[in-house]
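J.: how does the following fold in three dimensions:
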Amino acid sequence: MKLLGSVAAIAVLCALTTAAQSSLTGKWQGETNNGAQLVLDLTVKETILTGTLTRDGQSSALSDGKVSKNTFTFTAQINDRTEKLAGELAGDEIKIWLERQGSDRAIVLKREKHK
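T.: A predicted model of the protein is given here:
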């Protein structure tokens, strides 16, 4: 019986983790604190995050992307500088920030609705 309970608990945990990760997949839009338009186009496969970051029309492929539950990290080129970013998923919004600035400077991006 204990084994059955453990297997069920692991299955529920995996389902919740997979749901959070798959809900991160999609296009997210918002504006930086300086007024720059920001778009993240994300894809998650297991714990790997890929995609592009577009800031005022300039795109950069994401690298070193990782997802853990509802948080994620990645590296991208912003203004000819390699930046590490972190973020957190909360429903149809994500908060992202430059790791060097901390989460106090987070900006909110909203999921792009399908037309």
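J.: so where is the chain shaky, pLDDT-wise?
T.: Scanning the chain for pLDDT under 70 picks out the ranges 1-22, 114-115.
J.: rerun that using 90 as the cut-off
T.: Low-confidence segments of the chain (pLDDT under 90): 1-23, 33, 78-80, 91, 112-115.
J.: that one: helices as residue ranges?
T.: Counting by DSSP state H, the segments of the chain that form helices are 2-24.
J.: give the contact list for the residue nearest the centre of it.
T.: Nearest to the mean C-alpha position of the chain, by CA atoms, centre = their mean, lies residue 72 at 5.0 Å. Applying CB atoms under 8 Å, 6 or more residues apart in numbering, we find residue 72 in contact with 24, 49, 65, 66, 86, 87, 88, 89. Placement of C-beta: from N, CA and C, glycine included.
J.: next: residue 40.
T.: Taking CB under 8 Å, 6+ apart as the test, what residue 40 contacts is 27, 28, 29, 51, 52, 53, 54, 94, 96, 109.
J.: equivalent analysis for residue 60, please.
T.: Residue 60 neighbours (CB under 8 Å, 6+ apart): 52, 53, 54, 76, 77, 78.
J.: mind redoing it with 7 Å?
T.: By CB atoms under 7 Å, 6 or more residues apart in numbering, the residues touching residue 60 are 52, 53, 76, 77, 78.
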